[in-house]
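[1] sequence and predicted model, in that order:
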Amino acid sequence: MGRRRVLLALAFYLAALVDAPLIAAQSAQAPSPPQSTPAPEADADDRNAPELTSQETPATFKGGVNLVLVPVVVRDRQDHPVGSLNKENFQLFDKGKPQVISRFSVEKSGAAASTGAKNETLPNPGTPSDLQAGTPVSSATPERYIAYVFDDLHISFGDLVRVQKAATHHLATELQPGDRAAIYTTSGQHNLEFTDDRAKLEDAVMRLRPRPMFQQQSNPCPDLNYYTADQIINKNTRQVEQVFIQDTMVCANINQALAKQLVESTAQQMLPMGEQDARVTLSVFDDVVRRMSALPGQRTIVIASPGFLTLASDALQLKTELLDRAARANLVINAIDARGLYTPSEFDVSKTGSSSPSNDNRKAAAADASRQATLLKAQYDREIDTTQADTLAELADGTGGTFFHNNNDLDAGFSRVAAAPEYLYLLGFSPQDVKPDGSFHKLKVTIQPANGLSVHARRGYYAPKHQQSEEENAKEDLRNAVFSRNEIHDFPVDLHTQYFKPDPADAKVTVLARVDLKHIRFRKLVDGRNHDDLTVVAALFDSNGNYVGGVQKKIAMRLRSETLSKLGSGITVKTNFDVKPGTYLVRLVVRDSEGQLMSAQNGSMDIP
């Protein structure tokens, strides 16, 4: 009878647990041999080990690429989004090899995020009597975050004026009460963090000015740029070099040897300038992606740019890592070509010289060379226009976004790109037998049956440069779940919130996670106990979606069978935060190590 009383008391104690670290934190035990191995008799330390221990740490995360996520937008012949497809309709290829789609979801924009928190006051002996349940809020919490990134490093003054007019009209008339917007620039000047103050947003847009990183000379000789310098130095394109040698002989009035030397030296100067320009621009976009990844809910990045060149290998790597980070955070990148409706660059016949016979053969040859150079430079300018636009298209396609281009109706453009895709499919797969060499893998997504549907999907990814450990994979899964608003229900978890105000200026928030253990897959080891580890992450975000803080707790469960059978209601884990009064979004994520199951809940509370 005495042993029965002890077990019943222990079961009651665990079921009513509201503070996980009631027992001194200890490290998880080392894995024991599998069941097929003859099990030695458990020693006294194993028999007397605590059944439940906890370790609390700040919630910090590190990314990885073991699971590749591929955002996909599907449209019909009328360009309408399609949201009725299933996992079986998609085929995914990595370097031409079919892949198993291990993760599949479809998100619908505008869908209200459910609030999983139950805000009743729970029995909590030993806490102040005026502990109150968190007040659910909805209208005050942001529904969407939009980061507008204006590429003032590359935009011309004329294009900027038209972009400013369209952007301010859009912000004044189309931003919704539940939206938060931020203004960023590639130059880093006059950035504005997330706010719902339209006057501040419009003022930030009107303060934009073209700020090129490198000032170019008027009528340079030779007239090289990053693209043509790359063709000469890296691609070793002889035709390009000869064109500019001939053109330089005319504009500088020098012989061929000197012109060749001047072209090569100028190209050597232009190349690092262009590479630095690309790195800076992509780094700004990457910083915005990282900033947006720390926000909950629906998040969209809008890039207004004339496009830019990414030719160097390090820029290509950075671009792919940016897309990978955005895909993992469920971020959509939309782009609008600030040039609007532009015509391909053409040459001006009046500048090519007379084609009539000349008594001076040298002048005639020079005039002919000038005409040929002008024709070919116009061709290179068209290639540059296309390549710059391709960069924006790749950023949009890689995240399931929209690229608005070759259209002067920038008002319509901002309306379209500021809206999230109505349906966004997210396909995930784990690459098999991939060498950790950092190589590029081209992706292809197809639909069966096609039925005239078009697919916009990520174009590829870079393989990791080192093998990803199981611990890193688990941490990445947790991070993705915390900074999302998707609810996951692999096993039952209830979220409860409470707060206590010791004084008018401070509050103590309690987040309670009640975990039902009936659906947890325990593993029984040599000590005869049921083993599993729970990782519980509770995070708070303010009313603008800024990450306030998070706490991660690892609960090591080594439960005897009789104890486990008594825990019908499961266990409750408590996390405390010290905050100021205000409106907060609550995100709770619970993951178990054995079954690798996960549950995620959303909540909100208003502390007056």
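    Arrived safely, thanks for sending.
[2] going forward, measure contacts between C-alpha atoms and count neighbours the same way
    OK.
[3] tell me the centre residue of this structure?
    Closest residue to the average C-alpha location of the chain: Ala326 at 2.1 Å, with CA atoms, centre = their mean.
[4] helix or strand right after the strand or helix carrying that one?
    Using DSSP states H and E, Ala326 falls within helix 313-328. Reading on from helix 313-328 to the C-terminus, the next helix or strand found by DSSP H and E is strand 332-337.
[5] outline the domain layout of the protein.
    10-29+42-64+470-607, 226-268+348-382 (automatic domain parsing).
[6] turn those domains into JSON lines, including distance to Leu392 and mean pLDDT.
    Listed next are the domains of the chain as JSON lines, based on distance: least, CA to CA, whole Å; pLDDT from 0 to 100:
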{"stretch": "domain 10-29+42-64+470-607", "distance to Leu392": "25", "mean pLDDT": "77"}
{"stretch": "domain 226-268+348-382", "distance to Leu392": "16", "mean pLDDT": "79"}
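[7] in the stretch 1-150 of the chain, where is pLDDT below threshold?
    1-48, 58-66, 109-141 (pLDDT under 70).
[8] tell me which of the domains of the chain sits nearest to Gly400.
    domain 10-29+42-64+470-607 (16.7 Å; CA to CA).
[9] what about the strands in the stretch 201-350 of the chain?
    Taking DSSP state E, counting those that start in this stretch as the test, the strands found in the stretch 201-350 of the chain are 298-305, 332-337.
[10] can you tell me which of these is nearest to Val536?
    When the strands of the stretch 201-350 of the chain are compared by CA to CA, strand 298-305 sits nearest Val536, at 23.2 Å.
[11] check contacts around Gly96.
    Gly96 sits next to Lys442, Leu443, Lys444 when contact means CA atoms under 8 Å, 6 or more residues apart in numbering.
[12] out of these, which are buried?
    Among the contacts of Gly96, those classed as buried by 16 or more other CA atoms under 10 Å are Leu443, Lys444.
[13] the contacts of Gly96 in helices, which ones?
    Using DSSP state H, the subset of the contacts of Gly96 located in helices is empty.
[14] let's have the contacts of Gly96 in a markdown table, adding pLDDT and distance to Leu92.
    Converted to a markdown table, those look like this (pLDDT from 0 to 100; distance: CA to CA, whole Å):
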| residue | pLDDT | distance to Leu92 |
| --- | --- | --- |
| Lys442 | 87 | 11 |
| Leu443 | 91 | 7 |
| Lys444 | 93 | 6 |
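[15] from the contacts of Gly96, which land in strands?
    Judged by DSSP state E, strands contain the following of these: Lys442, Leu443, Lys444.
[16] now the first one: closest residue in space that isn't a chain neighbour?
    Across the structure, with CA to CA, 6 or more residues apart in numbering as the measure, the residue nearest Lys442 apart from its sequence neighbours is Gly460 (4.3 Å).
[17] before we move on, what about the last one?
    Setting aside the residues directly before and after it, Lys444 is nearest to Phe93 in space (CA to CA, 6+ apart), at 5.1 Å.
[18] tell me who's in contact with that neighbour.
    By CA under 8 Å, 6+ apart, Phe93 lies in contact with Gln99, Leu443, Lys444, Val445.
[19] give me the number of neighbouring residues for Val100.
    14 (other CA atoms under 10 Å).
[20] same check on Val280?
    17.
[21] ok, and the closest non-adjacent residue to it?
    The shortest distance from Val280 to any non-neighbouring residue, by CA to CA, 6+ apart, is to Thr186 (7.7 Å).
[22] OK, contacts around that neighbour?
    By CA under 8 Å, 6+ apart, the contact set of Thr186 is Val149, Phe150, Asp151, Asp152, Leu153, Val280, Thr281, Val284, Phe285.
[23] I'd assumed Ala304 was in contact with the first one.
    Yes: contact between Val149 and Ala304 holds when scored by CA atoms under 8 Å: they sit 6.2 Å apart.
[24] which of the three states applies to Lys200?
    Following DSSP: H, G, I helix; E, B strand; the rest coil, we place Lys200 in the helix state.
[25] quick one: it and Leu171, what's the gap?
    From Lys200 across to Leu171, the span is 10 Å (CA to CA, to the nearest Å).
[26] please say which of those two ends up with more neighbours.
    Taking neighbours as other CA under 10 Å, Lys200 and Leu171 compare with Leu171 leading, 20 against 14.
[27] related to what we said a few turns ago, which one of the contacts of Gly96 is nearest Lys553?
    Nearest to Lys553, judged by CA to CA, of those is Leu443 at 37.4 Å.
[28] roughly how far out does stretch 574-584 sit from the chain middle?
    How far stretch 574-584 lies from its chain's middle: 27 Å, per CA atoms, centre = their mean, to the nearest Å.
[29] among Val149 and Ala304, which residue is more densely surrounded?
    Between Val149 and Ala304, counted using other CA under 10 Å, Ala304 has the larger neighbour count: 27 against 21.
[30] element containing the nearest residue to Lys501 once chain neighbours are set aside?
    For Lys501, ignoring the flanking residues on the chain, the nearest one in space by CA to CA, 6+ apart is Ala507 at 4.3 Å. Remark: Ala507 resides in strand 506-515, with elements defined by DSSP H and E.
[31] for that strand, buried residues please.
    Using 16+ other CA under 10 Å as the burial criterion, the residues of strand 506-515 that qualify are Ala507, Lys508, Val509, Thr510, Val511, Leu512, Ala513, Arg514, Val515.
[32] between strand 506-515 and the one helix or strand Asn602 maps to, find me the angle.
    Assessed by DSSP H and E, Asn602 sits inside strand 598-607. Calculated by axes from the mean of the first three to the mean of the last three CA atoms, to 10 degrees, strand 598-607 forms an angle of 150 degrees with strand 506-515.
[33] which helices and strands does strand 598-607 pack with?
    strand 117-118, strand 488-489, strand 493-503, strand 582-592 (3 or more CA pairs under 8 Å, 6 or more residues apart in numbering; DSSP states H and E).
[34] out of these, the one nearest Ser561 is which?
    For Ser561, the closest of these is strand 582-592, at 18.4 Å, according to CA to CA.
[35] alpha carbons of that closest one, in PDB - could you do that?
    Extracted C-alpha coordinates of strand 582-592, given in PDB (Å, rounded to 0.1, in the frame of the first residue of the first chain):
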ATOM      1  CA  GLY A 582       1.000  45.800 -24.200                       C
ATOM      2  CA  THR A 583      -0.200  43.400 -26.900                       C
ATOM      3  CA  TYR A 584       1.700  40.300 -27.500                       C
ATOM      4  CA  LEU A 585       1.600  37.400 -29.900                       C
ATOM      5  CA  VAL A 586       2.500  34.000 -28.400                       C
ATOM      6  CA  ARG A 587       4.000  31.100 -30.300                       C
ATOM      7  CA  LEU A 588       4.400  27.700 -28.700                       C
ATOM      8  CA  VAL A 589       6.200  24.800 -30.400                       C
ATOM      9  CA  VAL A 590       6.700  21.300 -28.900                       C
ATOM     10  CA  ARG A 591       8.800  18.600 -30.500                       C
ATOM     11  CA  ASP A 592       9.700  15.100 -29.300                       C
END
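[36] contact partners of it?
    Residues outside strand 582-592 that contact it (CA under 8 Å, 6+ apart) are 137, 140-141, 478, 481-482, 493, 495, 513, 520, 532-543, 545, 597-608.
[37] check the residues you listed for burial and list the buried ones.
    Buried members of the contacts of strand 582-592, counted by 16+ other CA under 10 Å: 141, 478, 481-482, 493, 495, 513, 520, 532-543, 545, 597-607.
[38] re earlier: show me what contacts the residue nearest to the centre of the chain?
    Neighbouring residues of Ala326 by CA under 8 Å, 6+ apart: Val289, Ser293, Val332, Thr399.
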